[in-house]
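> Need a 3D model of the sequence below.
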Amino acid sequence: MSQLTLAKAITTGLADALEADDRVVLMGEDIGKLGGVFRVTDGLQARFGEDRVMDTPLSEAGIIGTAVGLAYRGYRPVCELQFDGFVFPGFDQVVAQVAKMRYRTHGQVSMPITIRVPFGGGIGSVEHHSESPEAYFAHTPGLKVVACSNPQDAYTMIRQAVASDDPVVFFEPKRRYWSKGDVIPDVEDAPSLDSARVATSGSDVTLVTYGPLVQTALDAARAAEDDGVSIEVVDLRSLAPLDEEALVASVSKTGRLVIAHEAQRFGGIGAEIAAMITQRCFGSLLAPPLRVTGHDIPYPPSELEDHYLPDVDRMLDAVDRVMGVRV
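Numbers count the residues shown, from 1 in each chain. Alright, predicted model coming up:
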């Protein structure tokens with residue numbers, strides 16, 4: 001067991017994947033000599049060589065398109081896209097090629113491609129560097145979409161993503177890159193890539209979130225204890241497919257649901273969860289599900305992002321409302 005930051009847990013997972021399988025290659029802008037914008041791939045090119053950790057031109061479409069060709073030839077490419085807002089130049093390749101190739105070829109061609117995307121706000125960055133585009137990809141059949149929230153999951157989930165024969169869009173919460181935790185380098189006994197995790201148990205309200213807001217939700221759960229409210233925090237981990245059974249089990253127990261994500265409210269992951277829970281747990285619900293999200297505007301300038309991002313106070317306000325407390 002080691003104490004690692006979330007970023008270094010991903011580094012370790014990538015190194016172990018490269019060591020375990022010669023078909024694994026890393027591709028991205030400045031990931032080699034520089035080690036990536038967030039230094040997640042630091043030292044990997046020196047260790048494994050330029051043929052396996054490759055600096056690419058500044059072309060996201062080119063990176064993903066090349067990965068498709070490599071996958072055709074039996075490789076397992078891992079693509080780093082520097083920032084969330086840079087995914088859109090490669091969007092066509094992801095949704096029109098990567099996601100559809102296995103279906104298009106009747107299963108004869110698999111796409112074992114992992115697309116790493118640092119996502120979310122909270123780092124005081126400029127436009128195109130603080131987006132939350134996960135719903136676009138969760139809406140796309142043929143893609144697995146996941147988001148880690150802690151160092152242990154960062155390690156195990158990147159290993160599982162690289163080993164997957166289906167393409168995985170791997171969202172990394174950039175403002176949590178420096179949070180530390182214990183990491184056991186064990187994939188055999190790890191939860192499956194498509195399973196949710198109960199981060200803390202509770203009995204009054206289910207608070208569902210993922211990625212950067214899991215720690216915020218845990219802080220909210222601790223604060224609610226002072227008012228005698230017991231919050232169960234569920235970390236989705238997988239956004240597509242959803243672990244519906246875990247969500248149903250939690251809401252059936254608590255009778256109340258709050259969903260939080262940084263992405264805009266309309267058409268987000270939270271809407272899908274609210275619809276599914278309303279359909280499957282209608283008889284158990286003691287209040288309508290509520291969402292705590294980013295606002296339906298382009299991501300604001302950095303000096304205003306604290307007003308945009310869901311925080312503990314906004315989460316607790318929603319908890320009060322589902323508990324029937326007038327606020």
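
> Now do the closest residue to Leu286 other than its chain neighbours: how many residues are near it, please.
If you skip the residues right next to it in sequence, Leu286 has Gly255 as its closest partner in space, 3.9 Å away by Cβ to Cβ, 6 or more residues apart in numbering. C-betas here are computed from N, CA, C, even on glycine. The local packing count at Gly255 equals 17, with neighbours defined by other Cβ atoms under 10 Å.

> isn't Gly255 right up against Pro288?
No. Proximity of Gly255 to Pro288 does not meet the contact threshold set by Cβ atoms under 8 Å, at 11.5 Å.

> what's near enough to touch Asp311?
Shown here is Asp311, whose contacts under the criterion Cβ atoms under 8 Å, 6 or more residues apart in numbering are Thr216.

> any idea how far it is from Asp153?
Between Asp311 and Asp153 the computed distance is 22 Å (Cβ to Cβ, to the nearest Å).

> any idea where the strands of the stretch 101-250 of the chain begin and end?
For the stretch 101-250 of the chain, the strands identified by DSSP state E, counting those that start in this stretch occupy 114-119, 144-147, 168-173, 180-183, 197-200, 205-209, 231-235, 238-240, in order along the chain.

> Out of these, the one nearest Gln82 is which?
With respect to Gln82, and counting by Cβ to Cβ, the nearest of those is strand 114-119 at 7.3 Å.

> The closest one - contacts with which helices or strands?
Of the remaining helices and strands, those touching strand 114-119 by 3 or more Cβ pairs under 8 Å, 6 or more residues apart in numbering; DSSP states H and E are strand 76-80, helix 151-163, strand 168-173.

> Give me the contacts around the shortest one.
By Cβ under 8 Å, 6+ apart, the surrounding residues in contact with strand 76-80 are 14, 17, 21, 23-29, 31, 36, 40-41, 63-64, 66-67, 70-71, 112-116, 162-163.

> between that strand and helix 151-163, how big is the angle?
Per axes from the mean of the first three to the mean of the last three Cα atoms, to 10 degrees, the angle that strand 76-80 makes with helix 151-163 is 130 degrees.

> starting at the chain centroid, how far to strand 76-80?
16 Å (Cα atoms, centre = their mean, to the nearest Å).

> Note down every partner strand of it and its orientation.
Paired strands of strand 76-80, with direction, are strand 24-28 (parallel), strand 114-119 (parallel) (DSSP bridges).

> tell me the most buried of those strands?
Comparing the strands paired with strand 76-80 by mean neighbour count (mean count of other Cβ atoms under 10 Å), strand 114-119 comes out on top with a mean of 26.

> Give the other helices and strands that the host helix or strand of Ile277 contacts.
Under the assignment given by DSSP states H and E, the secondary-structure element containing Ile277 is helix 269-280. Packed against helix 269-280 by the contact rule (3+ Cβ pairs under 8 Å, 6+ apart) you find helix 134-138, helix 244-254, strand 257-264, strand 290-294.

> for this structure, what's the longest helix?
Ranked by residue count under DSSP state H, the longest helix found in the chain is helix 6-20.

> Average pLDDT for stretch 298-305, rounded please.
Here the mean pLDDT over stretch 298-305 is 93, rounded to a whole number.
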